[in-house]
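**Student:** Can you look at this prediction? I've put the sequence above it.
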Amino acid sequence: MKLLLLFAFLLLIDIYFYYGTISLANKLVGNQYFYKIFYLIISVFFYSGLLYMIFVYNKQTSSAKFDNSIVFSSLFFIVFISKFIGIFPLIIDDLIRFFRYLFSLFFSESYVSNDIGRLEFLRKLSLIFAASLSTSLFYGITFGRYNFKRNFQSIFIRNWPKNLEGFKIIHISDLHLGSFENIDKLEEVVSIINSENADLVVFTGDLVNNYYHEAKPYVDTLKKIKSKYGKFSVLGNHDYCDYVRLKRDSQEWKNNFMNLLNLQKKAGFDVLLNESRLITIGDDNFNLVGVENWGKGNFNKDGDLDKAMKNINVKFPTVLLSHDPSHWSEIVINSGYDISLQMSGHTHGMQFGIEIPGFKWSPVQYRYKHWAGLYKKGLYQLYVNRGLGTLGYAGRVGISPDISVLNIKRDI
């Protein structure tokens, strides 16, 4: 029943967009058959793809090595979202026409304007919206997906050791290796990281989409990441295999979870599961704390800050790794713990937005107030990485895959 309702909804959008734009499209291309044939081909592709994903893809081994289904699903998403956005000017068009019709029932024809220029403008706007969005999203798959960017940020921490001035932390997050599909591109990431000669490398979760074996082809590449004082990681919400509805008390879930942890350790990461490490460099120290995922709303809340902070040395500054930035606003800044900096990921910057010097915007900001870059509240600071991989849509538009280079300095 749900499947039939879905198809009915999509078909309604399809028909509405087609009949709302066909007359204008025919006029623009000067051929009454071109748009009809083009639209038919796109629609056949669209519904064939949907049927494939429902009846075939879900029966395959999930996230198999180099599975290109994410690209296929992304193309499906582009077709749908472009038409969906495109119908809004058409809805306005029809509302105007409806109210003009109502006025014509009560007023003389001379009073009701017969000028339809604005209606044609709205139909043009519909095509412009759909074409612009689809072009941008195609660009994001072709050029934006692996357009890795180093984001440099100085962070000032109270009581930071003088001898560790300029301590360099490389912060990466959200690899989603089940969608990465390219070892050479991950090799490029590792090369960029190693060129920075980092003091510390941290990874803030979502190694995979669901299953541990998504990461297996990439372990040898991840091993190559170098840092002077270690590589540390925490888990993200996707690392718990909850989205495929495995029960946590099942042996399958337990095996997947343990294998995921072992792969991270094999790749050279020290996985922090509600625990801490004292980072000692000569005579200087700071606490590095990592919690399991804690997310606001329906996200899993395995993170236990009290447990993680239990063995820290309060004389030294504390840096926290926590996948979801909502943990900072909901728990950390109200905890009473002296945590100078939290590093998170999770949002991906929604893989779509605008980020230029002095201005940044993404639709994700209406869900997450803290979604990219550095935030401060009192003595608490949060840095949110934009993620390296993709999920759902295999592309990025305006929000580049992020290798954050953080320079930690003493706040005087």
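**Tutor:** Alright, I've got the coordinates.
**Student:** What's the separation between Ser23 and Tyr35?
**Tutor:** For Ser23, the distance to Tyr35 (C-beta to C-beta, to the nearest Å) stands at 10 Å. Using the backbone N, CA and C atoms, a C-beta is placed for each residue, glycine as well.
**Student:** Phe143 too?
**Tutor:** From Phe143 over to Tyr35 the distance is 28 Å, taken as C-beta to C-beta.
**Student:** the more surrounded of the two?
**Tutor:** Tyr35 (19 against 12; other C-beta atoms under 10 Å).
**Student:** and the more buried one, what element?
**Tutor:** helix 34-55 (DSSP states H and E).
**Student:** what's that helix packed up against?
**Tutor:** Helix 34-55 sits against helix 2-29, helix 69-106, with contacts defined as 3 or more C-beta pairs under 8 Å, 6 or more residues apart in numbering; DSSP states H and E.
**Student:** of those helices, which approaches Gln342 most closely?
**Tutor:** When those are compared by C-beta to C-beta, helix 69-106 sits nearest Gln342, at 30.0 Å.
**Student:** helices or strands next to the closest one in the packing?
**Tutor:** Helices and strands touching helix 69-106, as assessed by 3+ C-beta pairs under 8 Å, 6+ apart, comprise helix 2-29, helix 34-55, helix 117-139.
**Student:** Which residue, other than its chain neighbours, is closest to Lys301?
**Tutor:** Of all residues not flanking Lys301 in the chain, Trp294 sits nearest, at 5.0 Å (C-beta to C-beta, 6 or more residues apart in numbering).
**Student:** mind listing what that neighbour touches?
**Tutor:** When contacts are counted by C-beta atoms under 8 Å, 6 or more residues apart in numbering, Trp294 touches Asn300, Lys301, Asp302, Gly303, Leu305, Ser322, His323, Asp324, Ser326, His327, Ile331.
**Student:** Could you tell me how far it is located from Ser233?
**Tutor:** According to C-beta to C-beta, Trp294 and Ser233 sit 16 Å apart.
**Student:** Lys369 too?
**Tutor:** Applying C-beta to C-beta, one obtains 25 Å for the distance of Lys369 from Ser233.
**Student:** These two: which has the busier surroundings?
**Tutor:** Comparing Lys369 with Ser233 by other C-beta under 10 Å, the one with more neighbours is Ser233, at 27 against 11.
**Student:** Could you pull out the helices in the stretch 151-300 of the chain for me?
**Tutor:** 177-180, 183-195, 219-223, 251-266 (DSSP state H, counting those that start in this stretch).
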